[in-house]
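how would this look folded up:
(chains A and B)
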Amino acid sequence: MKIGVVTFPGSLDDRDAARAVRECGGEAVSLWHGDADLKGVDAVILPGGFSYGDYLRCGAIARFAPVMDALVPAAQGGLPVLGICNGFQVLTESHLLPGALIRNDHRKFNCVDQRLVVENATTAWTADFEAGQEITIVLKNGEGGFVADEHTLDTLEGEGRVVFRYVPDEQGRNPNGSYRHIAGITNERGNVVGLMPHPEHAVEEGFGPSLDGRGFFTSIIKQTLESAANA
Amino acid sequence: MSDTQTVPQAPAVPVLDTVEHAAATPDVDQPWAELGLKPDEYANIREIVGRRPTIAELAMYSVMWSEHCSYKSSKVHFSLWGENTTDEMREKLLVGIGENAGVVDIGDGWAVTFKVESHNHPSYVEPYQGAATGVGGIIRDIMSMGARPIAVMDPLRFGNLHHPDTQRVLPGVVAGVGGYGNCIGLPNIGGEVVFDDCYQGNPLVNALCVGAMRVEDIHLAKASGVGNKVILFGAKTGGDGIGGVSVLASETFDEGGPTKRPAVQVGDPFAEKVLIECCLDLYKAGVVDGIQDLGGAGLSCATSELASNGDGGMQVELDLVPLRDASLQPQEILMSESQERMMAVVEPKHLEQFLAITDRWDVEATVIGEVTDGDHLVITWHGEVIVDVPPRSVAHEGPTYNRPLARPAYLDELNASGTASLAKPETGDEIRSQLLTLIGSPNLCDKSWVTDQYDRYVLGNTALAQPDDAGVVRVDEETGRGVAVATDCNGRFAKLDPYAGAQLALAEAYRNVATAGAAPLAVTDCLNFGSPEDPGVMWQFREAIRGIAEGCKFLGIPVTGGNVSFYNQTGDVAIHPTPVIGVLGVMDDVSKRSGSGFRSEDAHVYLLGTTRDELDGSEWAHVIHKHLGGLPPQVDLAAEQALGRVLVEAAGAGVVEAAHDLSDGGLAIALAEACMRHGIGVTVDALDRVGVDADGNPLDAFTALFSESTARALVAVPAGRAAEFEAMLGDVPHARIGVTGGRDLEVPGVFSVSVAELKSAHEFTLPAVFGA
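Numbers count the residues shown, from 1 in each chain, chains lettered A, B, ... in the order given. Predicted structure coming up:
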């Protein structure tokens, strides 16, 4: 059960994602941005951070990294991929997921313990949750506003591809101005999931707001073990 | 580069001022005064080099002999550190004062390095870049010890919250701290945000970084081994920050002076993140013999310090330095403070491997020279010698001033004007109303507008962060061993009595670390003061150092390093003396740390320590009466030590549900903060047990609630473990004053206020000024 974690120059939560995989019983394999080699892993995590400094558009340079030449076709072929924060931005820049992430509407970096509702508990990364379940994990970013055109938003909602929504505050606002409170989405096949909040920071007692992030990693580990058993 | 005020221009003819040319033209007029050198300093340089200095040498001496780099006004007082450091204190000290940062042994083969530094003046000129590069600079100091940086903290001080310039400076500083720290991937786990009119023209932006390594991985800044290569790696050298550190940090901001904008450096956190990972790979491969970061005074500092610390000379070909701006003159290259650069000394046999690692990280690395068997630092420019100096004379043998000091005349009057005559609240309603005013006042209000702009989770080892009393991070993921760090200083106390004020800052940081459950181990300090040319300021400075050094000796924890920032003064008006103290403590297992908020109902609430009638210099006097006078609270380091032992032991035994230190605003504010943290109330049914007055009668409710007596903490203990806790208390004065529960902070017979109302007053203040 091997889960690859890609390190781009400027990746920051790569060691954290690897730790979360191990904490939940998987084997973490380090993947290097400069190598178009997925080392035979069963799933891949694109971690948070500021790949290549993100001085252009977030994720816009990372999508051209050699590792993405191997990852994009593999994801299109069904390899489970989770993009967290900067990883989500890389997935939208790579067109593995629709929409884009723009500067938070309040123009500040924002680090909070964020409540989310799980909308889709059937993806490769969310099967251990219940639809409608509320979880609290860390949100920390400066460019986390999810935007897309109306048609795309309608399609995402119509096809059940909104995986997480922010629980809005009393004034009905979400933490970054995301359209329709969308925090995370999936592709048509349900193997590629991207979200702005960080599940890897909610897997260990005492080091994060909850243990709610574990479900992401236990979901993928179970699914991979099952598909291996069926193979 | 247009700032002719700060950069020496080469003489018009000939183009290059070589050593040979300097020797032949002894009478050329040189811009030493414009560079901030005094006549006798310039004469001294001529004597050292035996001729007039070249323009490049003059540039080097001027930056290295500036106040910021040479500590020329402060170092005569540094003997107080050594005199007050016992052998016992040295036992855990692996590297002491004088290196890039001190290193302490935290057990199990782990070493931790930490240091706090100022970036005050650049942050006033250009808040975002000034603050960002302050963070970047301290991180490089930690990296250069061989450590992986693991956390940062930022003690910040601003002028009046409602002054328009605060609205220029604060958002920029906060965005800069966050922008750099977040992008480099270090959790920001604490610090301070303080407002006082005295900082209006001189905000204080201090930055602390902590790093961890295995004991055997400690690296030092020295160039040894003849033939070893000197490698400059990281970012290219540009025209930014030329003369920045020396010029900005060593001059006061006088009205009508030239604009200083071009002298502030520009940061690139991505480049530094890559540099961190690259350096760690280099250390792991064992290919680095000596290492130094490039910070203030850039190449002038790195080359002269490395050579000075080593056992030979050094030769550098300056024209090999990769440039961002090809038009830079050699003296500008020597002075440039371009960020994200490091210098390593590498044995020739390791060169290939070194360059392979820098290549992998796409970090540019250039061999620019080598260690020689001479005793001079020789720098050439296209083959011609432009610098030929003894490196110690540049790096370590700069001028020293024993400046006059005198106790300020105003102190007698200030100390005589205490709070006894101020109107105190007489009814419960008045106390309630003043509590709500205080909890929303600039220094006590909720700071999440600031701290939510910092990533406190990255690296996954943060066990505690602001607003808790100390930041706690895990170092060893197997055992849970880790460190706690807190920074503190109450400048008002230091103004009233700098000796006591410095000790109170030390005591508070010590207490905060112990409150989190960690055993205090070591100290770093950032000494922010006015102009050393003012005898009153020098007296404050001497008193503060003496206070810290003697306090540390009493507590048995060494000062491992730090920084002095003078000239925080506009005209005749200096800031309050602000000796910011950082204390680092160690925990065997950080999962046992104590948070500051009540977590469940029906826990017993204890007040530990002695409460006296001590309101002079308090937050209450400051906010309610805009008053500063009298004498600060009594320092009682023995009581701090006893309290600390109890807090650490109780946390280790797992009987502490919450622990919170008492400081600004006293018991009332500590209770309110403990309630607001998780929304759980408290009933204080034994306020009369808090303390007694001079006649032995219980303190009145107001004094009991707002006095700022030190060596006190609030501890909540599950009812079932109260007896076990009480048995640990020994002779530490204590009183069980209440029980947690409900949704109100209630003092029966005095007042009651809902936690919701407290929160709304607490959280309103900063967003009202800076926007949501």
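
check what pLDDT residue A:230 gets.
pLDDT for residue A:230: 82.

ok, it to residue A:70 distance?
25 Å (CB to CB, to the nearest Å). All C-beta atoms are positioned from the backbone trio N, CA, C, and that covers glycine.

compare the two (neighbour count), which wins?
residue A:70 (18 against 6; other CB atoms under 10 Å in any protein chain shown).

now name the helix or strand holding that one.
Per DSSP states H and E: residue A:70 is located in helix A:66-76.

helices and strands around that helix, which ones?
Contact analysis of helix A:66-76 by 3 or more CB pairs under 8 Å, 6 or more residues apart in numbering or on different chains; DSSP states H and E lists strand A:43-46 as its packing neighbours.

with just CA atoms, put the lengthiest helix in chain A into PDB.
Taking DSSP state H as the criterion, chain A has its longest helix at helix A:214-230. Extracted C-alpha coordinates of helix A:214-230, given in PDB (Å, rounded to 0.1, in the frame of the first residue of the first chain):
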ATOM      1  CA  ARG A 214      -7.800  10.600   9.200                       C
ATOM      2  CA  GLY A 215     -10.800   9.600   7.000                       C
ATOM      3  CA  PHE A 216      -9.100  10.800   3.800                       C
ATOM      4  CA  PHE A 217      -6.200   8.500   4.400                       C
ATOM      5  CA  THR A 218      -8.100   5.500   5.800                       C
ATOM      6  CA  SER A 219     -10.500   5.800   2.800                       C
ATOM      7  CA  ILE A 220      -7.700   5.500   0.200                       C
ATOM      8  CA  ILE A 221      -5.800   2.800   2.100                       C
ATOM      9  CA  LYS A 222      -9.000   0.600   2.400                       C
ATOM     10  CA  GLN A 223      -9.900   1.200  -1.200                       C
ATOM     11  CA  THR A 224      -6.400   0.200  -2.500                       C
ATOM     12  CA  LEU A 225      -6.300  -2.900  -0.300                       C
ATOM     13  CA  GLU A 226      -9.700  -3.900  -1.600                       C
ATOM     14  CA  SER A 227      -8.800  -3.400  -5.200                       C
ATOM     15  CA  ALA A 228      -5.600  -5.300  -4.600                       C
ATOM     16  CA  ALA A 229      -7.600  -8.200  -3.100                       C
ATOM     17  CA  ASN A 230     -10.000  -8.200  -6.100                       C
END
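
return the set of buried residues in that helix.
Across helix A:214-230, burial judged by 16 or more other CB atoms under 10 Å in any protein chain shown covers A:214-224.

which single residue of the stretch 51-200 of chain B ends up nearest chain A?
residue B:185 (3.2 Å; CB to the nearest CB).

show me which residues of the stretch 501-650 of chain B sit near chain A.
B:590-591, B:593 (CB under 8 Å from any CB of the partner chain).

going along the chain, name the helices of chain A.
Using DSSP H, helices in chain A cover A:14-23, A:66-76, A:86-93, A:150-158, A:214-230.

show me what contacts residue 134?
This is for chain A. Contacts for residue A:134 (CB atoms under 8 Å, 6 or more residues apart in numbering or on different chains) come out as A:115-118, A:167.

wrong one, I was asking about chain B
B:117-119, B:122-123, B:176-177, B:205-207.

assumed it was part of a strand.
No. Looking at residue B:134 with DSSP: H, G, I helix; E, B strand; the rest coil, it is helix, so not inside a strand.

Provide a list of residues in contact with the residue lying closest to it once chain neighbours are set aside.
Using CB to CB, 6 or more residues apart in numbering or on different chains and skipping the chain neighbours, the partner closest in space to residue B:134 is residue B:119 (2.8 Å). Contacts for residue B:119 (CB under 8 Å, 6+ apart) come out as B:130-131, B:133-134, B:137, B:205-207.
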